[in-house]
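**Student:** Here you go, sequence then predicted model.
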Amino acid sequence: MNKQTVVGGIRPTNKLHIGNYLGALKQFVAISNDNQITSYFFIVDLHSLTTPFEPKELKTNILDAAATYLAAGFNPKNSNLFIQSHIPEHAELAWIFNCITPLGELERMTQFKEKSQQHATNINAGLLSYPVLMAADILIYKPNGVSVGEDQVQHVELSRVIARKFNNKFGNTFPEPQTYIRKPLRIMSLTDPTKKMSKTGDEALNMDDEPKEIARKLKKAVTASEPGKKSPGEENLMFLLNHFGSEESVRHFTEAQNSGKLKYFELKETLAQNISDYFAEFREKKKELLSKPDYLAQVLGDGARKARETAHKTITEVKQKIGLL
Ligand code: TYM
């Protein structure tokens, strides 16, 4: 039986938060340790350029993301971990896909609509063609599956549309990849629980936040004026407790919630303790990895070399099929 191929990526726009972890990185780690799967995971630096950024911070965040993957248990010996821009074939294929993707498909993307509202003074062309580059990131490895959180499903669908268009026009080249999601989930912002957690300010708990910082952010997390109203904030905290809490604390707070006796300050304190404990080993490992930049560079270099072999084969086939010399 042929091995499955799965791809995935995370933008190094800031530090990785617990939404990135539960929605994506946790699955990446499991896949990277599965020897029945060939996998390619990248740090998506080119996509980070579509929203405002500082060059110095970007540099730090890229290495930080690499240390985060590895400290979380990613296995670089059985998978390929690399930086997107180190494989120029991604951007090359994206240009070709740009020329077959209808503008209307891009304008209707939910993320484009949201981000153009958020960054109204910087609606650049990269923001619009973001999903085209993402389709290139995916299809260049001809995978069966794409490991993403629920919010990226629409982009994976678009990669199937692009694959189909290319195949119809130039002959069968790309498989249509499926989303590889074990459990669809969306972690909500702590400060506005009607929105997904994203990488800014106090709305996110970063994976490497120190215990005091976790407690501070959770203390401020928006809930409801009265416990038991099952507000989005309360649901989000209970959801996090289900993932990070001990069996005993899950039982205790679920009972309290059901009997109308939930106390937010107690829930927040316990959750802060549980999340701090869950990531304690991760925090130490990450610090250690960040002190070894040569090791990080070696892992990323090895990953890029192997990925580039596959990417090069695909781009050569594509160029030949579309009539480039
Ligand atoms: P990014 O960095 O925004 O998100 C990385 C991954 O984390 C998931 N995620 C969440 N899951 C649950 N709750 C949240 N609050 C939450 N926030 C983020 C996302 O679903 C994602 O899987 N466009 C991609 C990056 C990308 C990519 C690719 C992914 C570029 N090229 C090719 C797969 C394949 C993104 O959303 O990055």
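**Tutor:** Everything's here; your move.
**Student:** who touches the nearest residue in space to residue 195 that is not next to it in sequence in this structure?
**Tutor:** Spatial nearest neighbour of residue 195, chain neighbours left out: residue 189 (4.8 Å); criterion: C-beta to C-beta, 6 or more residues apart in numbering. C-betas here are computed from N, CA, C, even on glycine. Contacts for residue 189 were tallied using C-beta atoms under 8 Å, 6 or more residues apart in numbering; they are 195-198, 203-204.
**Student:** contacts with the ligand among those residues, please.
**Tutor:** For the ligand, the contacts drawn from those by C-beta under 6 Å from any ligand atom are 196-197.
**Student:** Tell me the buried residues within the contacts of residue 189.
**Tutor:** 196-198, 203-204 (16 or more other C-beta atoms under 10 Å).
**Student:** Excluding covalently adjacent residues, which one is nearest to whatever residue of the stretch 1-150 of the chain ends up closest to the ligand?
**Tutor:** Proximity of the stretch 1-150 of the chain to the ligand (C-beta to the nearest ligand atom) peaks at residue 23, 2.0 Å away. Residue nearest to residue 23 in three dimensions, not counting chain neighbours: residue 149, with 2.8 Å by C-beta to C-beta, 6+ apart.
**Student:** one step back: closest to residue 234 out of the buried ones among the contacts of residue 189?
**Tutor:** Set against residue 234, the nearest of the buried ones among the contacts of residue 189 by C-beta to C-beta is residue 197 (15.5 Å).
**Student:** which non-adjacent residue is nearest that closest one?
**Tutor:** Closest residue in space to residue 197, ignoring its immediate chain neighbours: residue 19 at 3.9 Å, by C-beta to C-beta, 6+ apart.
**Student:** what about residue 143, how many residues close to it?
**Tutor:** Number of residues near residue 143 (other C-beta atoms under 10 Å) recorded here: 24.
**Student:** how much space between it and residue 38?
**Tutor:** Per C-beta to C-beta, to the nearest Å, residue 143 is found 8 Å from residue 38.
**Student:** Please work out how many residues are found near residue 81.
**Tutor:** So residue 81, with other C-beta under 10 Å, has 26 neighbours.
**Student:** Now do the SS call for it.
**Tutor:** Classification of residue 81 using DSSP: H, G, I helix; E, B strand; the rest coil returns strand.
**Student:** For it, list each beta-bridge partner.
**Tutor:** residue 41 (DSSP bridges).
**Student:** Which strands or helices does the longest helix seen in the chain pack on?
**Tutor:** Taking DSSP state H as the criterion, the chain has its longest helix at helix 293-322. Here helix 293-322 touches strand 37-43, helix 55-71, strand 80-83, helix 89-98, helix 153-170, helix 280-290, going by 3 or more C-beta pairs under 8 Å, 6 or more residues apart in numbering; DSSP states H and E.
**Student:** how far out from the middle of the chain is it?
**Tutor:** Taking C-alpha atoms, centre = their mean, to the nearest Å, one finds helix 293-322 lying 20 Å from the centre of the chain it belongs to.
**Student:** how about that helix, does it reach the ligand?
**Tutor:** No - applying C-beta under 6 Å from any ligand atom, one finds helix 293-322 separated from the ligand by no less than 12.5 Å.
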